[in-house]
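Peer 1: give me a 3D structure for the following:
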Amino acid sequence: MITLGIDTSNYATSLAVFDTETEEVVCDTKQFLPVRPGQLGLRQSDALFHHTAALPGLLDQLAQRTDLSRVGAVGVSAKPRPVEGSYMPCFLAGVSAATAFALSKNLPLIQTTHQQGHVAAALYATGNRQLLEQPVLVFHISGGTTDLLLCENLQVLRTVGTSTDLYAGQAVDRVGVKLGFAFPAGAEVSRLAAQCDEPVQRAKVTLQGTNCSLSGLENQCDRLLRQGKSPAYVCRFCLEAVGLTVLKMIAAARQEYPGLPVVCAGGVMSSDIIRRQVSRQAKDVWFVDGRFASDNAIGVAFIAGKAAENG
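Peer 2: This is a model prediction of the structure:
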């Protein structure tokens, strides 16, 4: 059976088709929402409009690459996170499209969340199927979350740690936009940071228990720019600060959950700089290819397949 996954997040319109028999991604496609230069995102009404406009064309792209008449179940992210009160209007576009597709073919519709889609995509992409069944800590770090989650069987059991103010992705995007990059700016920040060939000073990281505070990171980056540090230096400083925060949160969480593996998801965690920094200093931490780390519908399609098989 193949399944269709749809995710309409605050950053991108994403669709994917997953084969439950071969456990392979048949095809996927993504279109980032257009954001005006200098802006840090879209109003929800604009995001909803752009998702609605993009979905027919992206569905047609999938139809050119695989036979969508073979779809046996449809999955969709209906809200940001699996907690009460989690809501963003942009997800209504995906729910509407998924519902129409499912009803037209009398298919089961599985509603999940954007965060669970990230978790599922990352766990799938590790290639270690044991991680899908055992307790595991999953970092979901993006423009809208800096969450360390306790997960099992694709379910988010609890939030172990989070940011009390600014999210890591927000800090990275704000630095990038100040330097003239388009939003979201993570890829460009990572590219420029890789050009810095000098050691950067150690960032001041604030942690209380397993929760972090990142508002100071933006202030530190602003101060470095005023001091005349190069954009490449500031970008590298910003990413290494996020990496140091990740390391400290892992250490704090493993006091409560010793021995659990850690899997990294979310667009920020696709940074090579963060990957190398964390991998050097922490054991049993899994990073995945950016295709599975950033916003996409692969995890949603994977969840739909598991749900349809179970019932």
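Peer 1: hey, let's count contacts and neighbours off CA atoms from now on
Peer 2: Will do.
Peer 1: can you give me the strands for this structure?
Peer 2: In the chain, the strands defined using DSSP state E lie at 2-8, 12-19, 24-32, 71-79, 109-113, 136-141, 146-152, 155-161, 206-208, 211-213, 262-265, 285-286.
Peer 1: give me the sheet partners of the last one and which way each runs.
Peer 2: I take that to be strand 285-286. In the sheet, strand 285-286 lines up against strand 262-265 (parallel) (DSSP bridges).
Peer 1: off-centre distance for the strand it pairs with?
Peer 2: 10 Å (CA atoms, centre = their mean, to the nearest Å).
Peer 1: show the contacting residues for residue 286.
Peer 2: For residue 286, the contact set (CA atoms under 8 Å, 6 or more residues apart in numbering) comprises 126, 261-264.
Peer 1: by neighbours, which of those wins?
Peer 2: Counting neighbours by other CA atoms under 10 Å, residue 264 leads the contacts of residue 286 with 26 neighbours.
Peer 1: any idea what it is bridged to?
Peer 2: Beta-bridge pairing for residue 264 (DSSP bridges): residue 139.
Peer 1: need the contact list for it.
Peer 2: Here residue 264 is in contact with 122, 138-141, 285-288, 293 (criterion: CA under 8 Å, 6+ apart).
Peer 1: and what of residue 235?
Peer 2: Counting by CA under 8 Å, 6+ apart, the residues that residue 235 touches are 172, 175-176, 189-190, 192-193.
Peer 1: in TSV, list the contacts of residue 264 along with pLDDT and distance to residue 239.
Peer 2: Converted to TSV, those look like this (pLDDT from 0 to 100; distance: CA to CA, whole Å):
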residue	pLDDT	distance to residue 239
122	95	20
138	96	19
139	94	15
140	93	15
141	92	12
285	97	18
286	96	18
287	94	16
288	92	17
293	85	16
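Peer 1: nearest to residue 273 among the residues you listed?
Peer 2: Using CA to CA, residue 287 comes nearest to residue 273 of the contacts of residue 264, at 11.9 Å.
Peer 1: measure that closest one to residue 106 for me?
Peer 2: 38 Å (CA to CA, to the nearest Å).
Peer 1: between those two, who's got more neighbours?
Peer 2: Neighbours were counted for residue 287 and for residue 106 using other CA under 10 Å; residue 287 has more, 25 against 12.
Peer 1: and the pLDDT for the residue lying closest to residue 38 once chain neighbours are set aside?
Peer 2: Counting by CA to CA, 6 or more residues apart in numbering, residue 38 lies nearest to residue 177, which is 5.9 Å off, once chain neighbours are set aside. On pLDDT, residue 177 comes in at 95.
Peer 1: the one 4 residues further on too?
Peer 2: Looking at residue 181, its pLDDT stands at 95.
Peer 1: swap in residue 37?
Peer 2: Residue 37 carries a pLDDT score of 87 in this model.
Peer 1: from what I can see it touches residue 183, true?
Peer 2: Yes. The criterion here is CA atoms under 8 Å, and residue 37 meets it with residue 183 at 7.4 Å.
Peer 1: the two - which one has more neighbours?
Peer 2: Counted by other CA under 10 Å, residue 37 and residue 183 do not tie: residue 183 has more neighbours, with 24 against 12.
Peer 1: for the more buried one, give me its contacts.
Peer 2: 35-41, 173, 176-177.
Peer 1: hey, which helix is longest across the protein?
Peer 2: Of all the elements of type helix in the chain, the one with the most residues (DSSP state H) is helix 231-256.
Peer 1: what residues of it count as buried?
Peer 2: 231-250, 252-254 (16 or more other CA atoms under 10 Å).
Peer 1: mind checking the pLDDT average for that helix?
Peer 2: Regarding helix 231-256, the rounded mean pLDDT is 97.
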